[in-house]
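Asker: any chance you could fold what I've pasted below:
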Amino acid sequence: MHKFKLVSKFLIIILSFSFSNVFALHWHQKITVNNNKSGEVRLIYSTANSEINANGFFNSIPFADDKIRATYTSDNNTIHSVNVRKSSDSTFANVLIKFKDIQQLITASGFSKAKITWYKNEDSTVFMYNQDKTTDFQSGSKISFVFELPSTEILRTSGIKDNDNTVMYGVKSENMANGPVFYVVFKNSEESKNSASDNDESYNEKESGRCGLFGIEMPIIFGFSMLLLRIRFKK
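Answerer: All right, here's what the predicted structure looks like:
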């Protein structure tokens, strides 16, 4: 039953992309993360053929097989499958990317301007995905982000819980220009508790040069982030 539900949602996404306004850029991104921070990204997106330039891009978004592979591949990220379909008026892309470490997703140029935080303490993990600011999404675009996490208990989130371990966001095109922030706190599973935790953020510091979140700074920073989110999504 659960698999049937997921297949049904996938078909709805494809149909909505196929029959909606082809002059807008439509985007669906789903990230699934495992306990060890590996996982996959599913990208489904489309736009009008007239909006795609001779090099196979809509601004910075690729619509040609070779451009897609070059944009989303890195030492951390591997393209598992690419399906590009072109009709008389629009082009549709369906891409599956496997990654070793969610925090190193940004090593591919297609994700390089995103900011990803994965902070694990003894009982819970804080996950934040800050999408890069972009003006690619015109009015009328359909935009969604989904995060499937390695826990059956979501403690706090700025999104909508779809089931025990999945959070969904529908984003307005104008909010993409501000760089939306997606925020989830989830309870660690027993398997996750047995894995290394304190080194997760320090590893990311070495790789990206960003500061970690420790002690009293965490609730202050994330509280401020939640305030910004409320202000942004009220607009």
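
Asker: that's a strand at Q103, yeah?
Answerer: No. Counting by DSSP: H, G, I helix; E, B strand; the rest coil, Q103 falls outside a strand, being helix.

Asker: show the pLDDT at it.
Answerer: For Q103, the pLDDT comes out at 97.

Asker: surely it touches S38?
Answerer: No. Judged on CB atoms under 8 Å, Q103 makes no contact with S38 at a distance of 11.0 Å. C-beta: built from backbone N, CA, C; applies to glycine.

Asker: contacts for the one helix or strand D66 maps to?
Answerer: Following DSSP states H and E, one finds D66 within helix 65-72. With CB atoms under 8 Å, 6 or more residues apart in numbering as the contact definition, helix 65-72 has outside contacts at 41, 43, 55-57, 62, 79, 82, 84, 93, 95, 97, 108-111.

Asker: need the contact list for G170.
Answerer: 143-144.

Asker: next one: it relative to S144, how far apart?
Answerer: The spacing between G170 and S144, counted by CB to CB, to the nearest Å, is 5 Å.

Asker: now do the contacts for the residue located most distally from the centre of the chain.
Answerer: The outermost residue of the chain, judged against the average C-alpha position, is S88 (29.5 Å), by CA atoms, centre = their mean. Applying CB under 8 Å, 6+ apart to S88 gives the contacts N49.

Asker: buried stuff in stretch 119-137?
Answerer: For stretch 119-137, the neighbour count (16 or more other CB atoms under 10 Å) marks 119-120, 124-131, 134, 136-137 as buried.

Asker: send me that stretch as PDB with only the CA atoms.
Answerer: The C-alpha coordinates for stretch 119-137 follow below in PDB (Å, rounded to 0.1, in the frame of the first residue of the first chain):
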ATOM      1  CA  TYR A 119      24.000  18.400  13.100                       C
ATOM      2  CA  LYS A 120      23.600  15.300  15.200                       C
ATOM      3  CA  ASN A 121      23.500  15.200  19.000                       C
ATOM      4  CA  GLU A 122      22.800  12.200  21.300                       C
ATOM      5  CA  ASP A 123      19.000  12.100  20.800                       C
ATOM      6  CA  SER A 124      18.200  14.100  17.600                       C
ATOM      7  CA  THR A 125      19.500  15.500  14.400                       C
ATOM      8  CA  VAL A 126      19.000  19.000  12.900                       C
ATOM      9  CA  PHE A 127      18.800  19.100   9.100                       C
ATOM     10  CA  MET A 128      18.700  22.400   7.200                       C
ATOM     11  CA  TYR A 129      18.700  22.900   3.500                       C
ATOM     12  CA  ASN A 130      19.100  26.500   2.300                       C
ATOM     13  CA  GLN A 131      18.200  26.600  -1.400                       C
ATOM     14  CA  ASP A 132      20.200  29.100  -3.500                       C
ATOM     15  CA  LYS A 133      18.400  32.400  -4.500                       C
ATOM     16  CA  THR A 134      17.200  32.200  -8.100                       C
ATOM     17  CA  THR A 135      15.000  34.100 -10.500                       C
ATOM     18  CA  ASP A 136      14.600  31.100 -12.800                       C
ATOM     19  CA  PHE A 137      11.100  30.500 -11.600                       C
END
